[in-house]
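In: Show me how the following folds:
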Amino acid sequence: MRRLLALGLALVFTLGLAACGGKADESGDGAKPTLKFTAIPGEDPTRMREKFAPVADYLAKELGVACEYVHATKYAASVQMFENGDVMLAWFGGLTGAQARERVKGARAIAQGVEDPKYHSYFIAHKDSGLERSDAFPTAIAGKSFTFGSKSSTSGRLMPEHFIRTNTEKSPKDFLGAEPAFSGSHDKTCEQVESGAVQVGAVSYTTYDRRVKEGTTDPKVCRIIWKTPDYPDYNFTAHPKLDTTYGAGFTDKLQKALLAMKGDMLLGGFQRSGMIAATNADFEPIRVLAQKLGLLRPRN
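Out: Okay, here's the model as predicted:
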């Protein structure tokens, strides 16, 4: 009888431990949960996963926790994943970063590419449009079919729209004579302009330059007609729960690891020559402009 009682108590004790600790420690060996990160989907999913796999491996080694890249199908999805805490680190564009930090109190930009404080867009046009490259804003695009990239893209929508408004004192619809389209991505903008599906588009310079280098875009057919002024863009934004999940000072440790990335295997996927420190203040002009255009949703 005593033996049965002892076994029963042991079973209750074991079940109690599982109920209390199972969810917090899925591995059962005291390991921290996997650090998941995402990025705005500027390219096809396969390419995105390939370029971020080495970054996940590098961060895992430097931080001592398992790391995993989680693909976001849309710009808005990357922000939603961050807001929900499904990912705690994200490579955002200027606009999506501002949207994420607006929704998550305490979120902060911690790193950006060397090139990101002075980013720019291209306005591109099909060779049969009759448009030529100029240093001045291309007012001749009025009346042409036009596409932005994603609705939440900094370089493919927010800043190009801003430059249209400031140079013409009109909305894109009023200036162009029709509602502009949204291709959904920089790659698709290049493809649609080159095919002649639309006459003019706005695109990130890094995507266009990469496609020309790879031979997937013919610069004689899909031409640059205007380079915009510079503005701040991409950044790594960290979730405020990082320190409570992985320990005090973890966000600073993560920042140091990101800034220390070197070599084409890690930086090539970002098309950056290196990473430098970033703060929320660096992207305040983007936040203010996004708020003015009604592209920010405050936290619930």
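In: Past the lowest-mean-pLDDT helix or strand in the chain, which element shows up next along the chain?
Out: When the helices and strands of the chain are scored by mean pLDDT, DSSP states H and E, helix 2-21 comes last with a mean of 39. Once the chain leaves helix 2-21, the next helix or strand it forms, by DSSP states H and E, is strand 35-39.
In: same for that following strand, what does it pack against?
Out: For strand 35-39, the packing partners by 3 or more CB pairs under 8 Å, 6 or more residues apart in numbering; DSSP states H and E come out as helix 45-63, strand 67-69, helix 75-84, strand 89-92. Just so you know, the C-beta spots here come from the backbone N, C-alpha and C atoms, and that holds for glycine as well.
In: now those as CSV including mean pLDDT, distance to residue 187 and mean neighbour count?
Out: Formatted as CSV, the helices and strands packed on strand 35-39 follow (pLDDT from 0 to 100; distance: least, CB to CB, whole Å; neighbours: other CB atoms under 10 Å):
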stretch, mean pLDDT, distance to residue 187, mean neighbour count
helix 45-63, 94, 9, 16
strand 67-69, 97, 19, 19
helix 75-84, 96, 14, 20
strand 89-92, 98, 17, 26
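In: Residue 202: which of those is closest?
Out: Comparison of the helices and strands packed on strand 35-39 against residue 202 by CB to CB identifies helix 75-84 as nearest, at 14.9 Å.
In: Run the angle between the closest one and strand 35-39 for me.
Out: Relative orientation of helix 75-84 versus strand 35-39 (axes from the mean of the first three to the mean of the last three CA atoms, to 10 degrees): 150 degrees.
In: circling back to that earlier point, who wins for proximity to residue 157 among the helices and strands packed on strand 35-39?
Out: Proximity to residue 157 (CB to CB) singles out helix 75-84 among these, at 9.4 Å.
In: For the closest one, name the packing helices and strands.
Out: Here helix 75-84 touches strand 35-39, strand 89-92, helix 94-103, going by 3+ CB pairs under 8 Å, 6+ apart.
In: what angle sits between it and helix 94-103?
Out: In terms of direction (the same axes, to 10 degrees), helix 75-84 departs from helix 94-103 by 30 degrees.
In: So what touches helix 75-84?
Out: Contacting residues not belonging to helix 75-84 are listed as 38-41, 70, 72, 87-88, 90, 92-93, 96, 99-100, 103-104, 107, 150-153, 237, 239, 299 [CB atoms under 8 Å, 6 or more residues apart in numbering].
In: Please repeat the previous calculation with a cut-off of 7 Å.
Out: 38-41, 70, 72, 87, 90, 92, 96, 99-100, 103-104, 150, 152-153, 239 (CB atoms under 7 Å, 6 or more residues apart in numbering).
In: now the helices and strands packed on helix 75-84 as TSV including distance to residue 253?
Out: Formatted as TSV, the helices and strands packed on helix 75-84 follow (distance: least, CB to CB, whole Å):
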stretch	distance to residue 253
strand 35-39	11
strand 89-92	12
helix 94-103	20
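In: Looking at these, which is nearest to residue 139?
Out: Among these, the nearest to residue 139 by CB to CB is helix 94-103 (25.3 Å).
In: counting contacts, what elements does the very next helix or strand once past that closest one pack onto?
Out: Counting by DSSP H and E, the next helix or strand C-terminal to helix 94-103 is strand 108-113. Judged by 3 or more CB pairs under 7 Å, 6 or more residues apart in numbering; DSSP states H and E, strand 108-113 is in contact with strand 235-238, helix 250-259, strand 275-277.
In: what's the shortest one packed up against?
Out: The one in question is strand 275-277. Applying 3+ CB pairs under 7 Å, 6+ apart, we find strand 275-277 packed against strand 108-113, helix 250-259.
In: Out of the ones you listed, indicate the one that is most buried.
Out: With neighbours taken as mean count of other CB atoms under 10 Å, the helices and strands packed on strand 275-277 reach their highest mean count in strand 108-113, at a mean of 24.
In: Tabulate the CA atom coordinates of the next helix or strand along the chain from that strand in PDB.
Out: Remark: after strand 108-113, the chain's next helix or strand is strand 121-126, criterion DSSP H and E. Output in PDB follows, covering the C-alpha atoms of strand 121-126 (Å, rounded to 0.1, in the frame of the first residue of the first chain):
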ATOM      1  CA  SER A 121      14.900  55.200 -55.500                       C
ATOM      2  CA  TYR A 122      14.900  55.200 -59.300                       C
ATOM      3  CA  PHE A 123      12.000  56.100 -61.500                       C
ATOM      4  CA  ILE A 124      12.300  53.700 -64.400                       C
ATOM      5  CA  ALA A 125      10.500  53.700 -67.800                       C
ATOM      6  CA  HIS A 126      10.100  51.500 -70.800                       C
END
